[in-house]
Structures are given as structure tokens and as C-alpha cells.
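> sequence? don't have it. structure:
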């Protein structure tokens, strides 16, 4: 499984995994990003559509009222769903960078 940096994980969690209706969603998402799978209480996937399209759930012997979640990171990262949000975020960051660089140059002109 690809090792993501902290910043990469935060981006994916904040833009794709967020689910304020389910306590612990962030811990589950992080586990899926780092290990690819985990066991979650409940009998339905907490993500429907979106990121949920890349998570397979399975009932297993010995798990009562829980599901094993498996996340396909590679399929997710190559999807149009991911690429669209990623490209929009990069454009926003570049806009912010250019705005900040412009502000810096303008402020440097004070007193010259």
C-alpha cells in the first residue's frame, strides 16, 4: 500500500472522508488510508457514494454487528472523482500562493 504523507492524508480525509454523522469517521478513514482495511461497528458502510464507492464491506465469521472495510487507494487516486477535486484544490492553492506573493512584493515597496 502506498505510504501517504501527513499532508496527503489530511487532504484526502478533509475532502473525501468527512462524515459528521458518524463519530470516529476520521479514525476509520485514517486506518483505511494507512492500512487499507479495518473492522467497523455497524452493518452498513458509513460512506454511501463518493468515497464509499472505493470501500468494499464484508461480513465475516466471528464479527457480530461489525463489517470489515477494505479501501482501494489506487483505484480512488486514479478516479475522475479524485482528480477533479484534487485539480480544483491545486488551482486554489496556486491562486493563494500568487496572491500572497503579490502582497509580499507590495509590502516590500513601503518606504522605498
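Perfect, I can see it now. Treat the numbers as computed from the prediction; the structure is a model and nothing was measured. Numbering: from 1, shown residues only.
> pull out the buried residues from the helix or strand hosting residue 30.
Using DSSP states H and E, residue 30 maps to helix 25-35. Residues of helix 25-35 classed as buried by neighbour count (16 or more other Cβ atoms under 10 Å): 25, 28, 29, 30, 31, 32, 33. C-beta coordinates here come from the backbone N, C-alpha and C atoms, glycine included.
> ok, now how distant is the nearest residue to the last one once chain neighbours are set aside from residue 65?
Translated: residue 33. Among residues not flanking residue 33 along the chain, residue 9 sits closest, at 5.2 Å (Cβ to Cβ, 6 or more residues apart in numbering). From residue 9 over to residue 65 the distance is 28 Å, taken as Cβ to Cβ, to the nearest Å.
> out of those two, which sits in the more crowded spot?
residue 9 (16 against 8; other Cβ atoms under 10 Å).
> tell me which element that one falls in.
helix 6-12.
> packing partners for that helix?
In terms of contacts (3 or more Cβ pairs under 8 Å, 6 or more residues apart in numbering; DSSP states H and E), helix 6-12 is packed against helix 25-35.
> which is the next helix or strand following the helix it packs on?
Assigned by DSSP H and E, the successor of helix 25-35 is strand 37-41.
> thinking again about what came up before, pretty sure the residue nearest to residue 33 contacts residue 35?
No: Residue 9 is not in contact with residue 35 according to Cβ atoms under 8 Å; the separation is 12.0 Å.
> ok, the residue nearest to residue 18 when sequence neighbours are not counted to residue 72 distance?
Sequence neighbours aside, residue 25 is the residue nearest to residue 18 in space, at 7.1 Å (criterion: Cβ to Cβ, 6+ apart). To residue 72, residue 25 is 18 Å away according to Cβ to Cβ.
> how about residue 55?
8 Å.
> ok, residue 60 next?
From residue 60 to residue 72 the distance is 18 Å (Cβ to Cβ).
> the two: who's more crowded?
residue 72 (15 against 9).
> please name the nearest non-neighbouring residue to that one.
Here the residue nearest residue 72, using Cβ to Cβ, 6+ apart, is residue 54, at 5.0 Å.
> shouldn't that neighbour be in contact with residue 71?
Yes: using Cβ under 8 Å, residue 54 is in contact with residue 71, at 6.1 Å.
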